[in-house]
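Enquirer: here are the coordinates; sequence isn't available:
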């Protein structure tokens, strides 16, 4: 099977990272996989660093005749058995490119984010008619697709994002590496969040809760892991300024880290305060590391975390409720360990990379059989 994965994005977040994770997993299984991406984008750079065959194009909006023609030539020349895109915006290039190439190649779309725009006009109907199978990464995204997209319900399947449970495994990761790097003392409880700096990820609530918790505890450390996407540098500066205003001397901004498993291993409690998340890759990574978590009770989180079993859920954007839930876990090592054990078991059962990619490949073969 020869696959073309598409991710025409200039950003660098969960969708882009997961695209590369999926490609690497397929390559490990001896599939031939190539990537269509924006020239000089972050995903282009990262894919190049790991030796993936790349087809870069120039496209910043929706209407790009030159990108369509180039993509059509790529598709015709390489004769892919399946094409899979991670962004609905890519359909504006892929669908006309397939038409020009006169190829019946099965086209898969994974919807990573919901849409607030109704897409049931004539042009969108043409685009979505060409999609053979649409994957929703969570129940909330499936609901959004049915409400906004012109596609038959029988063409939609829930296919969650996943995590490599062998790589994200506390048994094989040194939990002291990052703690030693940042001079975290034995016995200090580390609370951390991992997210790019963008409004709505809950940085403000995390800092406000940290400020109040410091009034009651003297053995806490707070980790904020992540970087700003292009154009969001000012927001990151505002968050760091807020930390100064709250006099959070025990907070560490780590910046971008490629050793995600090691960073999560350093945490005693993972905090996921996002206001609106289609899924939450960082959350399943933390759960795979047996880390107890406190999460906002909204959207895709509800497909992942189980209240009072793997995590404690708090009212979205309510820093007081977040603080109270954090106190419960701070005060009980036994509960943290119980939640952590349950969390890893849930991830291995439902969100393991190998299992999810196996199901994905089964859909590829099914569509090919229908074509033939």
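Expert: Okay, I see it. All values derive from a computational prediction rather than experimental measurement. Numbers count the residues shown, from 1 in each chain.

Enquirer: so what touches the helix or strand harbouring residue 94?
Expert: Taking DSSP states H and E as the definition, one finds residue 94 inside helix 91-101. Helix 91-101 has contacts (C-beta atoms under 8 Å, 6 or more residues apart in numbering) with 6, 8, 57, 59, 62-64, 67-69, 71-76, 83, 85, 105, 107, 109, 126-128, 130-131. In this view, the C-beta of every residue, glycine as well, is placed from N, C-alpha and C.

Enquirer: same check on stretch 67-80?
Expert: 2-4, 34, 36, 55, 57-59, 83, 93-94, 96-98, 100-101, 103, 105.

Enquirer: list the buried residues for that stretch?
Expert: By 16 or more other C-beta atoms under 10 Å, the buried positions in stretch 67-80 come out as 67, 68, 69, 70, 71, 72, 74, 75, 76, 80.

Enquirer: for residue 125, which non-adjacent residue is spatially closest?
Expert: Counting by C-beta to C-beta, 6 or more residues apart in numbering, residue 125 lies nearest to residue 150, which is 4.5 Å off, once chain neighbours are set aside.

Enquirer: for residue 239, same thing?
Expert: Leaving aside its chain neighbours, residue 239 sits nearest to residue 203 (4.7 Å; criterion: C-beta to C-beta, 6+ apart).

Enquirer: my guess is that neighbour meets residue 197, correct?
Expert: Yes: Residue 203 is within contact range of residue 197, at 6.9 Å (criterion: C-beta atoms under 8 Å).

Enquirer: settle it for me: which of these two has more neighbours?
Expert: residue 203 (24 against 21; other C-beta atoms under 10 Å).

Enquirer: for the more buried one, give its distance to residue 304.
Expert: Separation of residue 203 from residue 304 (C-beta to C-beta, to the nearest Å): 20 Å.

Enquirer: also residue 162?
Expert: In terms of C-beta to C-beta, residue 162 sits 11 Å off from residue 304.

Enquirer: tell me, what's touching those two both at once?
Expert: Common neighbours of residue 162 and residue 304 are listed as 284, 351 (criterion: C-beta under 8 Å, 6+ apart).

Enquirer: which intervals of this protein have sub-threshold pLDDT?
Expert: Within the chain, the segments meeting pLDDT under 70 span 61.

Enquirer: okay, which residue is most central for it?
Expert: Computing the C-alpha centroid of the chain and ranking residues by C-alpha atoms, centre = their mean puts residue 14 first, at 3.0 Å.

Enquirer: pretty sure that one contacts residue 137?
Expert: No: counting by C-beta under 8 Å, residue 14 stays clear of residue 137, with 9.5 Å between them.

Enquirer: which neighbours do those two have in common?
Expert: Taking C-beta under 8 Å, 6+ apart as the criterion, residue 14 and residue 137 both touch 112, 161, 279.

Enquirer: and the second one, helix, strand or coil?
Expert: What that stands for is residue 161. Taking DSSP: H, G, I helix; E, B strand; the rest coil as the rule, one finds residue 161 in the coil state.

Enquirer: next, count neighbours for it.
Expert: 25.

Enquirer: and what of the first one?
Expert: Under the neighbour criterion other C-beta under 10 Å, residue 112 is assigned a count of 26.

Enquirer: pretty sure it sits against residue 14.
Expert: Yes: with contact defined as C-beta under 8 Å, residue 112 reaches residue 14; the gap is 7.2 Å.

Enquirer: show me whatever sits in contact with both of those two.
Expert: Residues touching both residue 112 and residue 14 by C-beta under 8 Å, 6+ apart: 161, 279.

Enquirer: mind checking how far residue 196 is from residue 13?
Expert: 5 Å.

Enquirer: now for the two: what residues contact both?
Expert: residue 229.

Enquirer: ok, the residue nearest to residue 125 - contacts?
Expert: With the criterion set at C-beta under 8 Å, 6+ apart, residue 150 makes contact with 119, 120, 124, 125, 128, 129.

Enquirer: can you list the domains in the chain?
Expert: Per automatic domain parsing, the structural domains of the chain span 2-162+352-371, 177-350.

Enquirer: on that earlier part again, filter the contacts of residue 150 down to the buried ones.
Expert: Using 16+ other C-beta under 10 Å as the burial test, the contacts of residue 150 include 119, 124, 128 as buried.

Enquirer: now, which of those sits nearest residue 235?
Expert: Of all those, the one with the least separation from residue 235 (C-beta to C-beta) is residue 119, at 28.7 Å.

Enquirer: just checking, that closest one touches residue 148?
Expert: Yes: in this structure residue 119 lies within contact range of residue 148 using C-beta under 8 Å: 5.4 Å.

Enquirer: re earlier: can you list the buried ones among the contacts of residue 150 in a markdown table and add distance to residue 166?
Expert: A markdown table is the format used below for the buried ones among the contacts of residue 150 (distance: C-beta to C-beta, whole Å):
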| residue | distance to residue 166 |
| --- | --- |
| 119 | 38 |
| 124 | 40 |
| 128 | 36 |
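
Enquirer: so can I have CSV of those showing secondary structure and distance to residue 297?
Expert: Below are those laid out as CSV (DSSP: H, G, I helix; E, B strand; the rest coil; distance: C-beta to C-beta, whole Å):
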residue, secondary structure, distance to residue 297
119, coil, 28
124, helix, 32
128, helix, 32
